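structural data only, the sequence is not supplied:
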């Protein structure tokens, strides 16, 4: 959905306005995270009070967190409402300075609400109301891409589109309403509790380091491109970036299951369970993402031409070929990151990300200055690879995971199979030109189907296949039950 909405937005707005819109997306996404760990720190307080019975202390803690978020949001809003950000920092073209300043003024008005919403989000998670969180997050996140596309379809300008985009914050007020039903903090009296703020800071210290630095590592390249090159160059980078990073949906879903598993095992692990979880997860990610990475790397120009047109594809194909390799490394790093967090060692992830940040800032500036958007993609992929290696090394330091997991559960065979797949598809891309795209689709589909069959038979063992078979059988059983119900209803009606 987001992919097609972005294509509509860039076609209607053009490179410069769309570049400004992407910066608004980045700022909104980053400031949701930049709350100094208060959103995460709320979760254990609320969870403890929910399980043991309310003592009233959680109200003061939530109220203090909300007040701190409001103060911080106002301070940041003042910064984003100043004119020099558009003219001096981002180097916006002269014809778009007024629109950008107006857009950032709208953005500034929303910041305190976004940060308070982060605390309300933590209250819902602490009370195990994940269904409510999903019910609000899914339409809200979709609106971030659908509203601009709808605005373009209505021939609205950049400022009007961003004002509509910020109107979605009305839906986010639902977080505040629902959280107040769980912990009645709105209207509750009492002073600002400095000790509660200190407790939250102690809990979220290293989590904050990762929360602050992590988005910078992901989004810094976009601001450097806007500042060092031109705002019109941002879409040629952001479009392939959005396609490539959509692959991270797979490890993100896996992370939901890995985190509680690693938390239950602890830093020392339990028997052979930890190496088994690591090795199988590693292989699953390779099998799930590897073929897609190979296809996007070799046929990036064809994919982008189909999506956003040949003109954008010409400038973005090389970027996507590089980025997807970094995305694969980033996906593999999810396991080590989850293990370190679940083992109670967020300090290790925080230290690693801080060290990466110090080096990455200088490398990103140099690469963008020298090689443009391809340089930005290269340094992002390099950082993802280094991050994967460092996080795995930190996991090994906890004495339970060793290099031997790489040789277990057919991981070397999986890597070799992916290399063969890449060689075959590279040959196909060399023989079949872009004009024969229909043949490319057919042949690539057949080759990937053959790879999937080989992986099922040779690379997955009985333990790997069991969950897939169980899900398939469950779905078949549900279909049979529905069919029988339909027959029964027909007989009854007859």
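That came in fine, so what should we check first? Model, not experiment: these values are computed from the prediction.

helix, strand, or coil at residue 73?
Using DSSP: H, G, I helix; E, B strand; the rest coil, the secondary structure recorded for residue 73 is helix.

I'd say it and residue 112 touch.
Yes: counting by Cβ atoms under 8 Å, residue 73 touches residue 112, with 3.1 Å between them. (Glycine included, C-beta is placed from N, CA and C.)

comparing those two, which shows the higher neighbour count?
Applying other Cβ atoms under 10 Å to residue 73 and residue 112 shows that residue 73 carries more neighbours, namely 22 against 19.

run a quick neighbour tally on residue 385.
By other Cβ under 10 Å, the residues close to residue 385 number 17.

what about it, helix or strand, and which?
Following DSSP states H and E, the helix or strand that holds residue 385 is helix 346-396.

identify all contacting residues around stretch 311-326.
Outside stretch 311-326, the residues that touch it by Cβ atoms under 8 Å, 6 or more residues apart in numbering are 10, 235-237, 239-241, 243-245, 247, 292-293, 296-298, 300-305, 307-308, 373-374, 376-378, 380-385.

please repeat the previous calculation with a cut-off of 6 Å.
Stretch 311-326 is contacted from outside by 236-237, 239-241, 244, 293, 296-297, 300-301, 304-305, 373-374, 377-378, 380-381, 384, using Cβ atoms under 6 Å, 6 or more residues apart in numbering.

now these: which count as buried?
236-237, 239-241, 244, 293, 296-297, 300-301, 304-305, 373-374, 377-378, 380-381, 384 (16 or more other Cβ atoms under 10 Å).

have a look at the chain and report the helix or strand with the lowest mean pLDDT.
Counting by mean pLDDT, DSSP states H and E, the chain has its least confident helix or strand at helix 462-493, which shows a mean of 61.

close enough to count as contact, residue 283 and residue 412?
No: taking contacts as Cβ atoms under 6 Å, residue 283 lies outside contact range of residue 412: 10.2 Å.

those two: which is more packed in?
Neighbours were counted for residue 283 and for residue 412 using other Cβ under 10 Å; residue 283 has more, 23 against 11.

ok, now which ones touch that one?
So residue 283 contacts 409, 411, 414 (Cβ under 6 Å, 6+ apart).

so which of those residues belong to strands?
Among these, none falls in strands (DSSP state E).

will you turn the residues you listed into a markdown table that also has distance to residue 24?
Formatted as a markdown table, the contacts of residue 283 follow (distance: Cβ to Cβ, whole Å):
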| residue | distance to residue 24 |
| --- | --- |
| 409 | 44 |
| 411 | 42 |
| 414 | 41 |
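
in ChimeraX, how would I select the buried members of those residues?
Those of these that count as buried under 16+ other Cβ under 10 Å are selected in ChimeraX with:
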select :409,411,414
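
the contacts of residue 283 in helices, which ones?
411, 414 (DSSP state H).

domain map for this protein?
The chain breaks down into these structural domains: 1-192, 210-447, 461-494 (assignment by automatic domain parsing).

so where's the stretch 201-350 of the chain uncertain?
201-205, 207-208, 255-274, 342-344 (pLDDT under 70).

swap the cut-off to 50 and go again
Residue ranges of the stretch 201-350 of the chain with pLDDT under 50: 260, 264, 267.

next, format the contacts of residue 283 as CSV and append pLDDT and distance to residue 99.
Conversion of these to CSV gives the following (pLDDT from 0 to 100; distance: Cβ to Cβ, whole Å):
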residue, pLDDT, distance to residue 99
409, 70, 54
411, 82, 51
414, 89, 50
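
specify which member of the contacts of residue 283 is nearest to residue 337.
residue 411 (18.9 Å; Cβ to Cβ).

how close does the closest one sit to residue 220?
33 Å (Cβ to Cβ, to the nearest Å).

then residue 454?
From residue 454 across to residue 220, the span is 40 Å (Cβ to Cβ).

and those two? which has more neighbours close in?
It is residue 220, of residue 454 and residue 220, that has more neighbours when counted by other Cβ under 10 Å, with 22 against 14.

secondary structure element for that one?
Using DSSP H and E, residue 220 sits within helix 194-224.

do residue 177 as well
Here residue 177, judged by DSSP H and E, is contained in helix 169-182.

got a list of contacts for that helix?
For helix 169-182, contacts defined as Cβ under 6 Å, 6+ apart pick out 110, 113, 117, 120-121, 123-124, 127, 132, 136, 140, 186.

just for the stretch 51-200 of the chain, where's the confidence low?
For the stretch 51-200 of the chain (pLDDT under 50), the answer is none.

who's in contact with residue 9?
Contacts of residue 9 (Cβ under 6 Å, 6+ apart): 148-149, 152.

can you lay out those as TSV showing neighbour count, secondary structure and distance to residue 354?
Shown next, in TSV, are the contacts of residue 9 (neighbours: other Cβ atoms under 10 Å; DSSP: H, G, I helix; E, B strand; the rest coil; distance: Cβ to Cβ, whole Å):
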residue	neighbour count	secondary structure	distance to residue 354
148	29	helix	34
149	21	helix	38
152	21	helix	40
